[in-house]
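Asks: sequence first, predicted coordinates after that:
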Amino acid sequence: MTLTISGLKVAVGDREILRGVDLDLQPGRVHGLAGESGSGKTMTGLAVLGLLPHGAKATGRITLGERDLLGMSAKELNKIRGGEVAMVFQDPATSMHPMLTIGRQLTEHMRHHLGLGRKEARARAIELLGQVRIPGAASAIDRYPHQFSGGMRQRIAIAIALACSPKVLIADEPTTALDVTVQAGVLRLLRGLCDDLGLAVLLVTHDLGVMSAVADEVSVMKEGLVVETGPRGRVLRDPEHPYTRALLDSLPGEKA
């Protein structure tokens, strides 16, 4: 399912945080959203799910298929969140409840959104853990988040996001806290899930190296605006905007 963001603006009082964001997410493709901290990347993802901070107001259009998410009530959005659109947050240590088993956290919203019974939800949870390559999924389901490494917790967070078979997945800096080897594994997992399940993925990151590994299209944000969008190869090899060139020049090692 296509997710289209058109002229999205977000303001808190007189301060405009997003000043006109346009993005088009297509099924089976990863759309990378890059930019330095404070550029508005995460705010864009939160606006899609109606999770903006208190006092923030969004205008413009965010359409999922033919439906405008910005025009929905809180009750209507609750049916979308975690069901048709899901989000993987940057730090799974804070996005998962430390006192609940991962099985409980996987099955709770499956039972809510999909109406599954306890036994069906548990079987689906074990299947999902296997899908994101958690060893010994049948026993791992009864363990707690602190009993897993950072990379495994991020895979579990992805499994939780996939639990209700969403059409759109927003991944907000999913590899920032991971070492290079684990990071590569999580990126391969995201790419494979996108290809196998036909997900439309918005990958939010400040790291253009991550973009080069998995994104099909890349958008670059600066101060609440998307300043450049295009196919990954063209944007990373021959950027049109000076800010994109500056980001590429800031990468360590060989310059683009």
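Replies: Noted; the coordinates are in hand.

Asks: so where's the protein uncertain?
Replies: Along the chain, the parts satisfying pLDDT under 70 run over 177, 253-256.

Asks: all strands for it, in order.
Replies: Under the criterion DSSP state E, the chain contains strands at 3-12, 15-25, 29-34, 56-64, 67-68, 85-88, 168-172, 200-205, 217-222, 225-231.

Asks: which one of these lies nearest to residue 161?
Replies: strand 85-88 (3.9 Å; CB to CB). To be clear about C-beta, it is placed using only N, CA and C from the backbone, and glycine gets the same treatment.

Asks: and the contacts of the closest one?
Replies: Residues outside strand 85-88 that contact it (CB atoms under 8 Å, 6 or more residues apart in numbering): 3, 45, 48-49, 64, 69, 154, 157-158, 161-164, 166-172, 174.

Asks: residue 129 - nearest residue in space that isn't next to it in sequence?
Replies: Nearest residue to residue 129, sequence neighbours excluded (CB to CB, 6 or more residues apart in numbering): residue 137, at 3.7 Å.

Asks: just checking, the one you found touches residue 123?
Replies: No - using CB atoms under 8 Å as the test, residue 137 is too far from residue 123 to be in contact (10.7 Å).

Asks: who's more crowded, the two?
Replies: Per other CB atoms under 10 Å, whichever of residue 137 and residue 123 has more neighbours is residue 137, with 18 against 14.

Asks: quick one, what contacts that one?
Replies: 126, 127, 129, 130 are the contacts of residue 137 under CB under 8 Å, 6+ apart.

Asks: for the second one, give me its contacts.
Replies: Right, the one you point to is residue 127. Counted by CB under 8 Å, 6+ apart, residue 127 has contacts residue 137.

Asks: for residue 15, give the beta-bridge partners.
Replies: Per DSSP bridges, the residues bridged to residue 15 are residue 12.

Asks: hmm, who's touching the biggest helix by length in the chain?
Replies: Criterion DSSP state H: the longest helix present in the chain is helix 180-197. Helix 180-197 is contacted from outside by 28-30, 131-133, 149-151, 154-155, 158, 162, 165, 169, 171, 174-175, 178, 199, 201, 203, 210, 213-214, using CB under 8 Å, 6+ apart.

Asks: against residue 165, how distant is residue 247?
Replies: To residue 165, residue 247 is 35 Å away according to CB to CB, to the nearest Å.

Asks: those two: which has the busier surroundings?
Replies: The neighbour comparison of residue 247 against residue 165 (other CB under 10 Å) goes to residue 247, with 23 against 15.

Asks: just checking, the more buried one touches residue 34?
Replies: Yes - if you go by CB under 8 Å, residue 247 and residue 34 touch, sitting 6.9 Å apart.

Asks: need the residues touching each of these two.
Replies: Shared contacts of residue 247 and residue 34 (CB under 8 Å, 6+ apart): 208, 220.

Asks: mind checking how far stretch 103-118 is from the chain centre?
Replies: On the basis of CA atoms, centre = their mean, to the nearest Å, stretch 103-118 sits 21 Å off its chain's mean C-alpha point.

Asks: go through it and flag the buried ones.
Replies: 103, 105, 106, 107, 108, 109, 110, 113, 116 (16 or more other CB atoms under 10 Å).

Asks: stretch 44-51 too?
Replies: 44, 45, 46, 47, 48, 49, 50.
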